[in-house]
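Trainee: Sequence and predicted model, in that order:
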Amino acid sequence: MDHFCYHGDTLFCEDVSLSHIAQQVGTPFYCYSEATLLHHLAVFGEAFAGYPHLVCYSVKANSNLAVLDALVRHGAGLDVVSGGELFRGQKVGCAANKMVFSGVGKREDEIRAALQAGILMFNVESVAELHRINRVAGEMGLKAPVALRVNPDVDAKTHPHISTGLRRNKFGIPFGKALQVYRQAQRMPHLQVIGLDCHIGSQVTTINPFVEALKRVMELLKQLRGEGIPIRYLDLGGGLGIPYGQEESKIPPHPSLYAGALLQELQGSDLTLILEPGRVIVGNAGIFVVRVEYIKEGEEKNFIVTDGGMNDMMRPALYDAYHTILPVQRHFSDDEMVADVVGPICESSDFFARERLLPRFEEGDLLAVRSTGAYGFTMSSNYNSRPRVAEVMVRGGAFQVIRRRETLEQLVENEALFAPLAGEGV
Ligand SMILES: *Cc1c(COP(=O)(O)O)cnc(C)c1O
């Protein structure tokens, strides 16, 4: 469920017209519905209500401070994957003991910052990382709480770029080695082994892979407890998919079905469950609004050239992702056209839709690219020297800019000319 609906012929976010926002802030912009965001968080949390759990929203999906603030104020913890995301979590006042730190490449300064903050646990992905965390914690006179991220070798059946739970992926500790690595961790003096973690991928649209992974992980857990390794936290990662609009019957499971299947496997166990949903919370809480610059009728194809590009929203370029495209203002005529919706970037992968049946758009029309709240703005770049776009949040009948559009000056403010060296003539 979301709050992007037509009132008459105009697309609204909650009670605010998107044309109105476009007039005020210009285009392109991302627009998030706070009510949708919070609804998704509530539904997800309620699905696990019968079992001790902590929802650690995955910051990388959408890391805007206003988004984090809304979620944290409504009880979410955070899953961070960098020192930058930890910093954002601290900025919005997330309790340190509700933050977990994931990722394969944690730097020493990031580990130090997380220990200083007092996070709930590190999800550790290699033996080398265990050694590093142990050393840094020792230097700080602390014991670092850790979980091992194990790779259950389960096929999440999602796009190869967002599948993480197979043996060939870089993520996690191979399942067959996990017990041995746990024993190693248990012997390290500055570590406190408290958890078991697994995350099999993103945009997973069936329940089976999650259940399969959980079954494997529960076997391991039994073995660990048998050896006196006291696992308290079971982190099942994120990955639950969302509908993007093209699926006919294959709609991803509702969080209540997902939770039900997982909880069934957990009956009788005394763990605290940690979940790291990202996309399912923010994906359908955001849209990306662009303006049509040109209609280009080619010999073979029609192109709708917009002022937004792959640098602003790169999921189609990266994953060949499908996004529903809607007119912000519905036309009176029913005329349609088949066209590629593309941006101004000098790359052929710069597209939002291919050969899509769309209303007959005209220059100056506004388009809304749906389901772009997750991995939209956070993946954006300045490629082609394009200032990053504005982000807006709506609450009921009010909207606020939660990230200003970058200026041209900001594009270059960190750059410097190479200064003449001493003794060099001018
Ligand atoms: C990306 C990621 C998530 C969130 O994935 P979604 O598909 O957005 O739910 C959770 N945990 C880890 C470790 C991740 O890398």
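Mentor: Nice, I can see it. Numbers count the residues shown, from 1 in each chain.
Trainee: What are the neighbouring residues in contact with the closest residue to the ligand within the stretch 251-400 of the chain?
Mentor: Residue of the stretch 251-400 of the chain nearest the ligand, by CB to the nearest ligand atom: Gly278 (2.6 Å). (Glycine included, C-beta is placed from N, CA and C.) Residues near Gly278 by CB atoms under 8 Å, 6 or more residues apart in numbering: Tyr57, Ser58, Val59, Lys60, Ala61, Asn62, Asp79, Ser202, Gly238, Ala374, Tyr375.
Trainee: Distance check, it against Glu409.
Mentor: 33 Å (CB to CB, to the nearest Å).
Trainee: from memory Pro52 sits against Ile274, does it?
Mentor: No. Between Pro52 and Ile274 there is no contact under CB atoms under 8 Å: 10.0 Å.
Trainee: which of the two has more neighbours?
Mentor: Using other CB atoms under 10 Å, the more surrounded residue of Pro52 and Ile274 is Ile274, with 25 against 11.
Trainee: what helix or strand does the more buried one sit in?
Mentor: strand 272-275 (DSSP states H and E).
Trainee: Describe which strands that strand pairs with in its sheet and in which direction.
Mentor: strand 53-58 (parallel), strand 233-235 (parallel) (DSSP bridges).
Trainee: Please name whichever of those strands is nearest to Leu367.
Mentor: Closest approach to Leu367 among those is made by strand 53-58 (27.8 Å; CB to CB).
Trainee: and the closest one, is it in reach of the ligand?
Mentor: Yes. Using CB under 6 Å from any ligand atom, we find that strand 53-58 touches the ligand at Ser58.
Trainee: Can you tell me the SS state at Val67?
Mentor: helix (DSSP: H, G, I helix; E, B strand; the rest coil).
Trainee: Look up how far Asp312 lies from it.
Mentor: 17 Å.
Trainee: host element of Val217?
Mentor: Per DSSP H and E: helix 208-226 holds Val217.
Trainee: need the contact list for His254.
Mentor: His254 touches nothing, counting by CB under 8 Å, 6+ apart.
Trainee: Likewise for Phe87?
Mentor: Ala113 are the contacts of Phe87 under CB under 8 Å, 6+ apart.
Trainee: Surely it is in a helix?
Mentor: Yes. Under three-state DSSP, Phe87 falls within a helix.
Trainee: In this model Gln186 seems to touch Leu224, though I could be wrong.
Mentor: No. Assessed by CB under 8 Å, Leu224 is found out of contact with Gln186, at 9.1 Å.
Trainee: So if I had to pick from those two, which one is more boxed in?
Mentor: The neighbour comparison of Leu224 against Gln186 (other CB under 10 Å) goes to Leu224, with 20 against 15.
Trainee: returning to that earlier point: quick one: buried residues of the strand holding Ile274?
Mentor: Leu273, Ile274, Leu275 (16 or more other CB atoms under 10 Å).
Trainee: now what about that strand, what contacts it?
Mentor: Under CB under 8 Å, 6+ apart, the answer for strand 272-275 is 44, 48, 51-56, 77, 100, 195, 197, 232-238, 262, 266.
Trainee: Now the element after that strand, going C-ward?
Mentor: helix 279-282.
Trainee: Work out the gap between that following helix and the centre of the chain.
Mentor: 7 Å (CA atoms, centre = their mean, to the nearest Å).
Trainee: any idea of the mean pLDDT in that helix?
Mentor: Averaged over helix 279-282, pLDDT sits at 98.
Trainee: which secondary structure elements does it contact?
Mentor: helix 34-47 (3 or more CB pairs under 8 Å, 6 or more residues apart in numbering; DSSP states H and E).
Trainee: Confirm that Gly75 lies within a helix, as I assumed.
Mentor: No. If the criterion is three-state DSSP, then Gly75 is coil and not within a helix.
Trainee: Now it. Nearest residue, chain neighbours left out?
Mentor: Among residues not flanking Gly75 along the chain, Gly45 sits closest, at 7.0 Å (CB to CB, 6 or more residues apart in numbering).
Trainee: is it true that the one you found touches Val55?
Mentor: Yes. Here Gly45 lies in contact with Val55, judged by CB under 8 Å, at a distance of 5.5 Å.
Trainee: what's the overlap in contacts for the two?
Mentor: Gly75.
Trainee: Which one's more surrounded, these two?
Mentor: Higher neighbour count among Gly45 and Val55: Val55, with 24 against 19, using other CB under 10 Å.
Trainee: what residues go with each domain of this structure?
Mentor: 4-31+284-412, 103-275 (automatic domain parsing).
Trainee: got the contact list for the residue nearest to Gly75?
Mentor: His53, Val55, Gly75.
Trainee: so what's it scoring on pLDDT?
Mentor: In this prediction Gly45 is given a pLDDT of 98.
Trainee: same check, this time on Ile111
Mentor: So, for Ile111, pLDDT stands at 98.
Trainee: where along this structure do the helices fall?
Mentor: 18-25, 34-47, 65-73, 83-91, 108-117, 127-139, 178-187, 208-226, 255-266, 279-282, 315-319, 408-412 (DSSP state H).
Trainee: Just say which of those is most tucked in.
Mentor: helix 279-282 (a mean of 28; mean count of other CB atoms under 10 Å).
Trainee: contacts for it?
Mentor: Here helix 279-282 has contacts from 32, 37, 40-41, 44, 57-58, 61-62, 67, 71, 202-203, 238-242, 255, 373-375, using CB under 8 Å, 6+ apart.
Trainee: what sits against the residue of the stretch 101-250 of the chain found nearest the ligand?
Mentor: For the stretch 101-250 of the chain and the ligand, the shortest gap (CB to the nearest ligand atom) falls at Gly238, measuring 2.7 Å. By CB under 8 Å, 6+ apart, the contact set of Gly238 is Ser58, Asp79, His199, Ser202, Leu275, Glu276, Pro277, Gly278, Arg279, Val280.
Trainee: what does Arg225 give?
Mentor: Ile231.
Trainee: got it, and Phe210?
Mentor: Contacts of Phe210 (CB under 8 Å, 6+ apart): Ile200, Val204, Leu236, Gly239, Leu240, Tyr258, Ala261, Leu262.
Trainee: what do you get for Met337?
Mentor: Asn302, Leu357, Leu358, Pro359, Arg360, Phe361.
Trainee: bridging residues for it?
Mentor: Applying DSSP bridges, one finds that Met337 bridges with Leu358.
Trainee: same question, Cys13
Mentor: Bridge pairing for Cys13 - DSSP bridges - gives Phe4, Val16.
Trainee: How about Arg403?
Mentor: Beta-bridge partners, per DSSP bridges, of Arg403: Glu391.
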